[in-house]
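Q: Any chance you can model this:
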Amino acid sequence: MKSLSIAKLQTLNVLVYPEIISLFDIYTCHIRPFLNSQAIELEQSNACPKLTYFIKEEKKWFLLNNLELFHIAKSPYIDFDVLKKEVAVKYISKNQFNFDISFYELIDLIAKYNKEIDIKLIYTQLNEILDQEINQKLFGKNIFAITTFCQLIKINEQTYYKRPSEGVL
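A: Got it, this is the predicted structure:
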């Protein structure tokens, strides 16, 4: 395991791993914009101590988890205290990639902020992403049912159905 500063990460060609871009998009478009400044600050402070996985390939660094770290590394508005912070990184090969890491990180964020975000829209998006193979691997089922989603984010189905949905697909 190696440690890198945020400043060093900003100089590298850091990209989101193609297999999780859709998960990252959910975070970027449907969770992060609905967080208040305190929640974003909390997520940024949680990003640094979290072990972050990368696949290095041809001078590109593919981020596999730690969704907020990508925003920190790409942001031009980071103060010097943040730039000095160290992030624990682990390099893995492509064949060691595991969708679970990113998926469950996103699920934890959905559970944490479920009252602020449109969970119905997010469920619909996740349901489109999770094909039969991924569902079998994650849950031993062919589909991603609403009941499974509710269990993962620790709400009951009544809460899910009572929630308004702002999103239009």
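
Q: Now the helix ranked longest in the chain: average pLDDT?
A: In the chain, taking DSSP state H as the definition, the longest helix is helix 99-112. Helix 99-112 carries an average pLDDT of 97.

Q: How far off centre is it?
A: Helix 99-112 sits 6 Å away from the centroid of its parent chain (C-alpha atoms, centre = their mean, to the nearest Å).

Q: Can you identify each of the strands in the chain by residue range?
A: With DSSP state E as the criterion, the chain has strands at 2-5, 14-16, 52-57, 60-63, 86-91.

Q: Do you know the pLDDT at Gly140?
A: Taking Gly140 on its own, its pLDDT is 96.

Q: to the chain's geometric centre, what's the distance from stretch 124-141?
A: Here the centre of stretch 124-141 is set off from its chain's centre by 16 Å, with C-alpha atoms, centre = their mean.

Q: Pipe the strands of the chain into a markdown table and attach mean pLDDT, distance to Ser45 and mean neighbour count per row.
A: Just so you know, the C-beta spots here come from the backbone N, C-alpha and C atoms, and that holds for glycine as well. Below are the strands of the chain laid out as a markdown table (pLDDT from 0 to 100; distance: least, C-beta to C-beta, whole Å; neighbours: other C-beta atoms under 10 Å):
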| stretch | mean pLDDT | distance to Ser45 | mean neighbour count |
| --- | --- | --- | --- |
| strand 2-5 | 92 | 15 | 13 |
| strand 14-16 | 95 | 20 | 17 |
| strand 52-57 | 95 | 14 | 18 |
| strand 60-63 | 94 | 18 | 18 |
| strand 86-91 | 94 | 12 | 16 |
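
Q: Can you lay out the ones you listed as CSV showing distance to Ile78?
A: Formatted as CSV, the strands of the chain follow (distance: least, C-beta to C-beta, whole Å):
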stretch, distance to Ile78
strand 2-5, 11
strand 14-16, 14
strand 52-57, 16
strand 60-63, 17
strand 86-91, 13
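
Q: To Gln38, which of the ones you listed lies closest?
A: strand 86-91 (21.7 Å; C-beta to C-beta).

Q: Which stretches in this protein count as helices?
A: 6-11, 21-26, 37-47, 67-74, 80-84, 99-112, 119-129, 132-139, 146-152, 157-162.

Q: Pull out the buried residues from the first one.
A: Neighbour-count burial for helix 6-11, counted by 16 or more other C-beta atoms under 10 Å, picks out 6, 9.

Q: Other residues contacting that helix?
A: For helix 6-11, the external contacting residues (C-beta atoms under 8 Å, 6 or more residues apart in numbering) are 48, 69, 72-74, 78, 82-85, 87.
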